[in-house]
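Provide a 3D model corresponding to the input given below.
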Amino acid sequence: MKKNRQTLIGKIISENKISTQEELLDMLLQAGVNATQATVSRDIKEMKIVKRADAMGDYRYSLPSARDEQSHSKYMSILTGTAVKTDIAMNTVVIKCHVGTAQAACAAIDRLGLENVAGTLAGDDTIFVLCYSIEAAEGVKAQLDEIFGF
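This next block holds a predicted model:
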């Protein structure tokens, strides 16, 4: 079931301009696949689907290329071991890092293309990840906690 769903997700993303998880969920439902937002979010992560700008400058989901796979591995290795703890302040995820690692970790977070992130800001040992809502911040924090191994 999971393999079939992920195969269908790949086909949908390849053949359609999908820019949100909600759009992807709708397309899955139209194809007769019942899934939750959390399931689709996990599928996107497992499949290493990224958002990139198309020819018109609009962002849409895209399947990873071999080059993306190499970059993703680099970013994940940068993130491993950099964070000390995460917290939430309203719609902002606050990441405390080891001294001197925040800017590299912040750049890696930017490259991950997390959904619902308006932008990031890094100092020497702290990163602020500004999200569009408190709920979005909670979801982003959960994703980052998983990446950081918390």
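
helix or strand with the lowest mean pLDDT in this protein?
helix 66-79 (a mean of 66; mean pLDDT, DSSP states H and E).

quick check: what element follows it along the chain?
strand 83-89 (DSSP states H and E).

and that next one, which strands flank it?
strand 92-97 (antiparallel) (DSSP bridges).

contacts only, for the closest residue in space to residue 41 that isn't next to it in sequence.
Residue nearest to residue 41 in three dimensions, not counting chain neighbours: residue 21, with 6.2 Å by C-beta to C-beta, 6 or more residues apart in numbering. (Glycine included, C-beta is placed from N, CA and C.) Neighbour list for residue 21: 37, 40-41, 44, 115 [criterion: C-beta atoms under 8 Å, 6 or more residues apart in numbering].

domain assignment for the chain?
2-62, 69-148 (automatic domain parsing).

any idea how far residue 61 is from residue 140?
Residue 140 is 17 Å from residue 61, where distance means C-beta to C-beta, to the nearest Å.

for this protein, which segments count as strands?
50-53, 59-62, 83-89, 92-97, 117-122, 126-131 (DSSP state E).

check which helices and strands the last one sits against.
Here strand 126-131 touches strand 92-97, helix 102-112, strand 117-122, helix 134-148, going by 3 or more C-beta pairs under 8 Å, 6 or more residues apart in numbering; DSSP states H and E.

just how off-centre is the second one within its chain?
In this case it means helix 102-112. What separates the centre of helix 102-112 from the centre of its chain is 12 Å, taken as C-alpha atoms, centre = their mean, to the nearest Å.
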